[in-house]
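Engineer: sequence unknown, structure follows:
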């Protein structure tokens, strides 16, 4: 996605390198896959997605705060956009659960 590309670019500009392989992503991920054999209904799926969005939003807030400490304005702006976008997605999912 564009957000991931932008964050990767910002990291590289600051002499950091993002994780790039699926294996590495899976090793550091806080979001876990559900079992293949697990049968879930749509309400459970929406709750799982909501939980995953909470994890992503919290990570974006941590990154934003670290970027504020180092005064990396572009990364702060990017994380604010991601946090805001996740807020909207969470609202939409919560409305579907009502």
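Structural biologist: Arrived safely, thanks for sending. What you are looking at is a predicted structure, and each value in this text was computed from that prediction instead of being measured.
Engineer: the most centrally placed residue in the chain in helix, strand or coil?
Structural biologist: Nearest to the mean C-alpha position of the chain, by CA atoms, centre = their mean, lies residue 56 at 3.1 Å. The three-state label given to residue 56 by DSSP: H, G, I helix; E, B strand; the rest coil is helix.
Engineer: could you check the pLDDT of it?
Structural biologist: Per-residue pLDDT puts residue 56 at 95.
Engineer: with the one 4 residues further on instead?
Structural biologist: The pLDDT attached to residue 60 in the predicted structure is 95.
Engineer: immediately after the helix or strand containing it, which helix or strand?
Structural biologist: For residue 60, the host element (DSSP states H and E) is helix 42-69. Past helix 42-69, further along toward the C-terminus, the next helix or strand under DSSP H and E is helix 73-97.
Engineer: angle of that following helix against helix 42-69?
Structural biologist: 160 degrees (axes from the mean of the first three to the mean of the last three CA atoms, to 10 degrees).
Engineer: run the chain-centre distance for the helix holding residue 60.
Structural biologist: Distance, stretch centre to chain centre, for helix 42-69: 5 Å (CA atoms, centre = their mean, to the nearest Å).
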